[in-house]
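1. Quick one, what's the 3D model for this:
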Amino acid sequence: MGKPTIADLAKAAGVSVTTVSHAFSGRRYVEPETRKRIEALAHAIGYRPNHRAQRLRTGRAGSIALVSSMPFAVAAGPSRLGFLMEIAAAAAVAAFSRGIALCLVPPLGPSDSLDALEVDGAIVVEPELNDPVLDFFFDRGVDVVSIGRAPGRDDLPFVDLQSGATAHLMLDHLLAGGGRVGLITGVQRRNSYIEMETIYAERMAKAGLSPLAVRVDERGGEQAAAVAAEALLRADPTISALCVPVDAFATGVLDAARSVGRKVPQDLRLATRYDGMRAKLATPPLTAVNLHLDQVAAAAVDLLLARLGHHDHEPGVVSPPTLVPRASSGASPV
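-> Okay, here's the model as predicted:
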């Protein structure tokens, strides 16, 4: 008996050959349950799609890009195991299961160029206001979706990072401990910073407290955050907690606290947004938020493939963010 053909698989799945082709190529939208059934049957009967032939027929590169303008100082860190890397790993698995390769583009400097990049579409992670990465793809007519809303771009499809809900989670936790709560965000205008700053200001006003907020340039990473936090703590010793969404900034705050003789959490409680390796391995471990990035990444891949297929598609449902309390805010380590 010869190798099973696409016609064999279509007959077994009870769908057309065209539907099977679209399920593997991503050229047109296929219902997720139907796609999963086709993939399972393909595995069961030993069918393997010829992606090279598909690319020759469609004229596509057979790949998508994952890009961010965030510098490695905050997006990945020295270990390269950070926010961007977790999204990349999950997105690569989701893309590969749909017959598409994922190209991870490193954060770009002012002199870097994407001109040699040939992809069918791109996922841009947490774009900033007037992000040059978005401009590059728009100028070349490449389909784009974003993870996190793009400031000033209401026309860009996106998977919601639920930044508002995350802000409330962190502030609820820190405000419950009493005292004055400060905020450290990034100079860059990303939606998560904008929403956090807006909600922080509202919560401080509601609590009758004056805001204590500073911004740090992402390019400075931990060191820049340490300098800013030390100045803030020396200027106002009444600060009892700091909300620091960027995990690289949060580890810088730990250094600053040691420099000014403030013990964490006894003298200063601390929480960050991303529950990654920095949060888990810090001393003490950092209270953080589970953003369910595996679900976010898969939803972004599906949204982009639907866009490439010119099909209206709402982003997949992502679980609400959940707080992971740890010792940095006075909770028992998790």
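2. Could I get the buried residue list for the helix or strand hosting Arg258?
-> Assigned by DSSP states H and E, Arg258 falls within helix 247-259. For helix 247-259, a neighbour-count test (16 or more other Cβ atoms under 10 Å) marks 247-254, 256-257 as buried. Every residue, glycine included, has its C-beta placed from N, CA and C.
3. repeat for stretch 302-318
-> For stretch 302-318, burial by neighbour count (16+ other Cβ under 10 Å) applies to 302-309, 315, 318.
4. Any chance you could list what contacts stretch 139-147?
-> 87, 119-127, 134, 137-138, 153, 156-159, 161, 296-297, 300, 303-304, 307-308 (Cβ atoms under 8 Å, 6 or more residues apart in numbering).
5. does Val145 count as helix, strand or coil?
-> Classification of Val145 by DSSP: H, G, I helix; E, B strand; the rest coil places it in strand.
6. tell me, how many neighbours does it end up with?
-> 25 (other Cβ atoms under 10 Å).
7. Would you mind measuring from it to Phe138?
-> Distance from Val145 to Phe138, counting by Cβ to Cβ, to the nearest Å: 12 Å.
8. one step back: looking at the contacts of stretch 139-147, which are in helices?
-> Using DSSP state H, the members of these that fall within helices are 87, 134, 137-138, 296-297, 300, 303-304, 307-308.
9. Looking at the residues you listed, which is nearest Ala13?
-> Distance to Ala13, by Cβ to Cβ, is smallest for Leu308 among those, at 22.3 Å.
10. The closest one and Gly121 touch, don't they?
-> Yes: Leu308 is within contact range of Gly121, at 5.2 Å (criterion: Cβ atoms under 8 Å).
11. Next, the distance between the ends of stretch 18-32.
-> Counting by Cα to Cα, to the nearest Å, the length from the leading to the trailing residue of stretch 18-32 is 16 Å.
12. could you give me the average pLDDT of that stretch?
-> Across stretch 18-32, pLDDT averages out at 76.
13. Tell me how far that stretch lies from the chain's centre.
-> The chain centroid and the centroid of stretch 18-32 are separated by 26 Å under Cα atoms, centre = their mean, to the nearest Å.
14. Stretch 318-334 now?
-> 18 Å.
15. got it, and stretch 135-154?
-> 15 Å.
16. And the contacts of stretch 139-147, which of them are buried?
-> 87, 119-127, 134, 137, 153, 157-159, 161, 296-297, 300, 303-304, 307-308.
17. just checking, Ser68 touches Asp131?
-> No: using Cβ under 8 Å, Ser68 is not in contact with Asp131, being 9.2 Å away.
18. any shared contact partners between these two?
-> With Cβ under 8 Å, 6+ apart as the test, Ser68 and Asp131 both reach Val124.
19. who's more crowded, those two?
-> Higher neighbour count among Ser68 and Asp131: Ser68, with 30 against 23, using other Cβ under 10 Å.
20. now the nearest residue to the more buried one once chain neighbours are set aside: how far from Ala75?
-> Leaving aside its chain neighbours, Ser68 sits nearest to Val125 (3.9 Å; criterion: Cβ to Cβ, 6 or more residues apart in numbering). Distance, Val125 to Ala75, using Cβ to Cβ: 8 Å.
21. Please enumerate the shared neighbours of these two.
-> Contact criterion Cβ under 8 Å, 6+ apart; residues shared by Val125 and Ala75: 68, 84.
22. Can you name the residues that contact the residue nearest to Gly330 when sequence neighbours are not counted?
-> Spatial nearest neighbour of Gly330, chain neighbours left out: Pro265 (4.3 Å); criterion: Cβ to Cβ, 6+ apart. Pro265 makes contacts with 284, 327-330, as judged by Cβ under 8 Å, 6+ apart.
23. Who wins on neighbours among the residues you listed?
-> For the contacts of Pro265, neighbours tallied by other Cβ under 10 Å; top is Ser328, 29 neighbours.
24. Does that residue touch Lys263 like I think?
-> No: with contact defined as Cβ under 8 Å, Ser328 does not count as touching Lys263 (10.9 Å).
25. Walking through the stretch 101-250 of the chain, point out its strands one by one.
-> Applying DSSP state E, counting those that start in this stretch to the stretch 101-250 of the chain gives strands spanning 101-104, 121-125, 143-147, 158-159, 180-186, 213-216, 239-243.
26. Could you provide those strands in TSV, with additional columns for distance to Met170 and mean pLDDT?
-> Output for the strands of the stretch 101-250 of the chain, formatted as TSV (distance: least, Cβ to Cβ, whole Å; pLDDT from 0 to 100):
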stretch	distance to Met170	mean pLDDT
strand 101-104	28	90
strand 121-125	20	93
strand 143-147	19	94
strand 158-159	21	95
strand 180-186	9	96
strand 213-216	14	96
strand 239-243	5	97
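27. To Leu9, which of those strands lies closest?
-> For those, proximity to Leu9 was assessed by Cβ to Cβ; strand 101-104 is nearest, at 21.8 Å.
28. hang on, the earlier thing: in JSON lines: the strands of the stretch 101-250 of the chain, plus distance to Ile6.
-> Shown next, in JSON lines, are those (distance: least, Cβ to Cβ, whole Å):
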{"stretch": "strand 101-104", "distance to Ile6": "20"}
{"stretch": "strand 121-125", "distance to Ile6": "24"}
{"stretch": "strand 143-147", "distance to Ile6": "26"}
{"stretch": "strand 158-159", "distance to Ile6": "31"}
{"stretch": "strand 180-186", "distance to Ile6": "49"}
{"stretch": "strand 213-216", "distance to Ile6": "54"}
{"stretch": "strand 239-243", "distance to Ile6": "54"}
